[in-house]
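Asks: with the input below, show me the fold.
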Amino acid sequence: MSRTASPTVQDFVPFATAALDFHRALNVPGGPLVTTRSELDALHALLISLYGLLDAHAGRTGHFVASESDQLRTARTRIWQAAEHLHAAYHAAPRPDSGEIPEPEASPDGLPEGAPELTVCQRHQRAAHLVRRRTTPADLHAPFTGLIRR
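Replies: Next up, the predicted model:
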């Protein structure tokens, strides 16, 4: 069994990368502006999708090249950590209806809207369930999560 994809399979990742670059050039002007919650939500969705892609690659690659799989798992962990920060940034961003910046004390669990009724929270909770099955707490909090095999 070959570990590389068939040459007839369409690779959409370069298109996704180009779309992100195009989005940034058009929609992120120079100068200080506050990022909107909808932008943070979309970025969170992107990272969760990327997490899933890296998870699939890490699982499949582990059967063939362990050192490559280790690096993919490390990248997957780092993407999850970035998604955690985006989720927190979403809740710290100004509310769209009032422009009010939420106070950290507004909710005992740190999420001003309360229960995960928001799409970003539901997505984050579903991904967190997978992360808990694939990653140890030590991996998530270690300053360096990469294993090096020789």
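
Asks: make it CA atoms for all contacts and neighbour counts henceforth
Replies: Fine.

Asks: where does this protein dip in pLDDT?
Replies: 1-9, 31-32, 99, 104-117, 144-150 (pLDDT under 70).

Asks: so which residues of it form helices?
Replies: In the chain, the helices defined using DSSP state H lie at 13-27, 37-61, 66-92, 119-134, 137-141.

Asks: so which of those is the most surrounded?
Replies: Mean neighbour count, computed with mean count of other C-alpha atoms under 10 Å, is highest for helix 66-92 among those, reaching a mean of 19.

Asks: grab the most central residue of the chain for me.
Replies: Against the mean C-alpha coordinate of the chain, by C-alpha atoms, centre = their mean, the closest residue is L47 at 2.8 Å.

Asks: so what's that one up against?
Replies: 79-80, 82-83 (C-alpha atoms under 8 Å, 6 or more residues apart in numbering).

Asks: how close does the spatially closest residue to I101 that is not a sequence neighbour get to A19?
Replies: Nearest-residue entry for I101: P94, 4.3 Å, with adjacent residues in sequence omitted and distances by C-alpha to C-alpha, 6 or more residues apart in numbering. Distance of P94 to A19, computed by C-alpha to C-alpha, to the nearest Å: 26 Å.
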